[in-house]
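[1] give me a 3D structure for the following:
(chains A, B and C)
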Amino acid sequence: MKTSAVASDNIGPLPSTTAEDKAATLECIQRAQRGDVDAFEVLYRENAGRVFALCIRLKGGDRSDATELMQDVFIKAWRRLETFRGDCAFSSWLHRLAVNTMLENARGDHRRSARVLSMEDTSLLPGAARSSGIDLRLEMEEAVASLPKGARMAFVLHDVEGYQHQEIAEQLSVSVGTVKAQLHRARRLLRERLGEEGRRKGEEGL
Amino acid sequence: MMLVASPLAAQKKIERRIPLGMEGAFRVMNMVGSIVVHGWSKDTVLIRGTMPAGDKMYAGGGYTGAKMFIESANERDPKPTNLEIWVPSGVRLWVKTATANIDVDGVEGGLDLYTVSATIDVTGSPRELNAEAIDGDIHINGSPAWVRAKSASGAITFQGGSSDAAFSTVSGVVKVDGGVFERSKIETVTGNVIFNARIDRSGTFDFDTHSGSVDIAIPDRTNASFSVVTIAGSITNNVSRTNPVPGRFGRGSELTTDMGEGGAKISVRTFKGPVTIRRSK
Amino acid sequence: MTHEVIRHLLDDYVTGDLSDEVRAPVADHVAVCAICSAEVESLQRILERAADLPKSIDPPAEAWSNIRSTILREEKAAESHTRSIARPFWQRPLVLGAAAAVVVAVLSSTVTALYLNSRSASALAQRTPGSAVESATPATLAQFTVEENNYLRQASALQDLLDQQEAALAPETVAQLKASLRTIDEAILEARNALARDPSNKLLVEMLSANYKQKVDLLRRSTEMTRGT
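    Residues are numbered from 1 along each chain as shown, chains lettered A, B, ... in the order given. From the prediction side, this is the model:
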């Protein structure tokens, strides 16, 4: 996964990076694979925030949809735990599972289209309410949530989560060209939605 | 068995013997003509018949497994080969034809019979019987413990009983007559189903069809539980006084009823095929 | 490279996805072109804001207890050897629109994700206990639509194979086979239309699934028959 050049202000636990942390996670996974639900809870606590962030953005900001999806993801993770071989980070494995689960569920989900958040409705994204950059972030979340589904998926996976074009193409079973086209569309739409505000704020001297 | 000599081409006679153990396996492929197989108590395969002069027959193998097949001089227009074969009765027999009729009797081991449009006739009670046709009929007269028969447009008739039977057609009729069944599953798309047999009280019996009619007759003193559902069809209950009730949204019909003290689970599901359940005398 | 060409490369330029040889002329152009440099700047701003979004968002507190209770329930069910696994209680029933929606949504979908190759074994209920002949049927419409896509793919691949081998079959057989397939297709259509009007009808889902299985089975058997003739 490509990491962004810009330092981001993280909220919530970072994925384990030290060798010690990795070993601890692996031990948890092994215990969970043998049926230890408490060990699985530890894995949940470590990863839920990141998975939920992905879910909520994939689901266009709908918190209850995202919660349902996230619960689904962890239940699936529990069922398929033996298939995790440790050849990649557990959080990456969960991430992929989240995208796959979302696509799988979406097959039967005809009525739930991307819901545009109203500008006033901040209750849907409480997690974003903690830092000083709240307005800008909220604005961005809302703008992303308002994107059409294909563009939103490409944007969230590439520009927010950092997947490569090829990886995204594989997961969504489309061509790299399609991914790039959707990305291009997403960025253009976002610039239109946000560009005005940015210019206006600049003009007002904010 | 009548050996037909083709008037158009010279035929040559076949006579071959291959040693084969009683528990062995024997494979036969003959696309056009006929194949008759008899089970016997010798540990030898005897092949007799006639084939077109230009064709070749390959036969051979070891004591545990042998095979034979006919190679046509002209693949595009194969002429008939008629075979009569004796095999050790305990073998596992595999036969494949295109239009050659298959007729097997007295083989007790296992049978795997495949044809495209010929008729498959089995007499006797092999441990396992698997018969498949696309366009051909399948007639079974005996009690294979385990049997699977499939045809698309052909009919399946079965006289006998089985511990584990499954019959499937698209438009062909399925007619089961006699015997004791422990478990059966019969499914068709439009083919009618007629089931008149004895059933074990701890068994399960499933009948599924889209629009075929289903007629089930069970002996009077059987202990059975019926569960019948049809989305848009009708149910006639001649087994008990229970009336079928209308199905979802008032369409179709559902019926749950017992015969005797209940026991064997009989489940019938149709989309719009009419269902009749009754007592056979 | 002209401005027109370069405009379309700006996305990749900003994300660093251009090869070195291409990158240089684009960079040179951007340095002197006001339109392109403005676009590059606004693209960079979008990407910065994207990267700036919180990596983690706290889920609702009750999420874990929901997950936990489902897991525990499944473990218990597995232990007592029941074959059907309870669905999580929060799953709402699915509602379908008109028959057209079913057909269009399923057939015209271009997203055939990885899940098509692996079916979740949970929640597939068996109809008759201990039945050796029965294979699992989908218990929900959601699972069925996944299966249906699978069947459509298989059926299509087998049909292609069969078309190639058609010459090996007698014309009457081909005609019969096609008639049989048409018969199944008509049954499928009827069942599907009924399902569209009554989407929570589990029986219909199972019937439809059985019809598909029969179709794929017939196609498979036919292709196997013609092999080696």
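[2] all helices of chain C, in order?
    Ranges of helices in chain C, per DSSP state H, are C:3-7, C:10-15, C:20-32, C:34-52, C:62-79, C:99-107, C:141-165, C:171-197, C:202-226.
[3] now swap in chain B and tell me
    Under DSSP H, chain B gives no helices.
[4] quick one: which of the helices of chain C is nearest chain B?
    Proximity to chain B (Cβ to the nearest Cβ) singles out helix C:171-197 among the helices of chain C, at 3.9 Å. C-beta: built from backbone N, CA, C; applies to glycine.
[5] how big is the angle separating that closest one from helix C:202-226?
    160 degrees (axes from the mean of the first three to the mean of the last three Cα atoms, to 10 degrees).
[6] and the average pLDDT for helix C:171-197 is what?
    What helix C:171-197 shows for mean pLDDT is 89.
[7] what about residue A:105, how many residues close to it?
    20 (other Cβ atoms under 10 Å in any protein chain shown).
[8] packing partners of the helix or strand harbouring it?
    In this structure, residue A:105 sits in helix A:90-106 according to DSSP states H and E. In terms of contacts (3 or more Cβ pairs under 8 Å, 6 or more residues apart in numbering or on different chains; DSSP states H and E), helix A:90-106 is packed against helix A:37-58, helix A:63-79, helix A:165-172.
[9] select, out of those helices, the one closest to residue B:75.
    helix A:165-172 (43.7 Å; Cβ to Cβ).
[10] tilt between the closest one and helix A:90-106?
    40 degrees.
[11] list the contacts of helix A:165-172.
    A:96, A:99-100, A:103, A:153-154, A:157-158, A:163, A:175-176, A:178-180, A:183, C:17, C:111, C:113-114 (Cβ atoms under 8 Å, 6 or more residues apart in numbering or on different chains).
[12] filter those residues to the buried ones?
    A:96, A:99-100, A:103, A:153-154, A:157-158, A:163, A:178-180, A:183, C:113 (16 or more other Cβ atoms under 10 Å in any protein chain shown).
[13] which of these sits closest to residue B:85?
    residue C:113 (52.0 Å).
[14] and the buried ones among the contacts of helix A:165-172, which two are the farthest apart?
    A:100 and A:180 (21.5 Å).
[15] and the gap between the most centrally placed residue in chain A and residue A:98?
    With distances taken as Cα atoms, centre = their mean, the residue of chain A nearest its centroid is residue A:54 (1.5 Å). Separation of residue A:54 from residue A:98 (Cβ to Cβ, to the nearest Å): 5 Å.
[16] one more: residue B:44?
    From residue B:44 to residue A:98 the distance is 65 Å (Cβ to Cβ).
[17] just the CA coordinates for stretch A:148-155, please, in CSV.
    What follows is stretch A:148-155, C-alpha atoms only, in CSV (Å, rounded to 0.1, in the frame of the first residue of the first chain):
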residue,chain,number,x,y,z
PRO,A,148,-21.6,8.4,-7.3
LYS,A,149,-20.9,4.8,-6.1
GLY,A,150,-18.2,3.8,-8.6
ALA,A,151,-16.3,7.0,-8.3
ARG,A,152,-16.6,6.9,-4.6
MET,A,153,-15.2,3.3,-4.3
ALA,A,154,-12.3,4.2,-6.5
PHE,A,155,-11.5,7.3,-4.6
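[18] just the buried residues of it, please?
    Under 16+ other Cβ under 10 Å, the buried positions of stretch A:148-155 are A:150, A:151, A:152, A:153, A:154, A:155.
[19] rebuild those residues as TSV, extending it with distance to chain B and secondary structure.
    Formatted as TSV, the buried residues of stretch A:148-155 follow (distance: Cβ to the nearest Cβ, whole Å; DSSP: H, G, I helix; E, B strand; the rest coil):
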residue	distance to chain B	secondary structure
A:150	37	helix
A:151	41	helix
A:152	38	helix
A:153	38	helix
A:154	42	helix
A:155	44	helix
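[20] and the pLDDT at the closest residue in space to residue C:18 that isn't next to it in sequence?
    In this structure, residue C:18 finds its nearest non-sequential neighbour in residue C:12, 5.0 Å apart by Cβ to Cβ, 6 or more residues apart in numbering or on different chains. pLDDT for residue C:12: 87.
[21] now for the residue lying closest to residue B:262 once chain neighbours are set aside: which residues touch it?
    Counting by Cβ to Cβ, 6+ apart, residue B:262 lies nearest to residue B:225, which is 4.2 Å off, once chain neighbours are set aside. With contact taken as Cβ under 8 Å, 6+ apart, residue B:225 is in contact with B:256, B:257, B:258, B:259, B:262, B:263, B:264, B:265, B:266.
[22] report the buried members of the residues you listed.
    B:257, B:259, B:263, B:264, B:265, B:266.
[23] for these, which one is nearest residue B:19?
    Looking across those and measuring by Cβ to Cβ, the closest to residue B:19 is residue B:264, at 46.3 Å.
[24] quick revisit: could you dump the helices of chain C to a markdown table with distance to residue B:142?
    Below are those laid out as a markdown table (distance: least, Cβ to Cβ, whole Å):
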| stretch | distance to residue B:142 |
| --- | --- |
| helix C:3-7 | 78 |
| helix C:10-15 | 72 |
| helix C:20-32 | 76 |
| helix C:34-52 | 72 |
| helix C:62-79 | 41 |
| helix C:99-107 | 44 |
| helix C:141-165 | 33 |
| helix C:171-197 | 27 |
| helix C:202-226 | 23 |
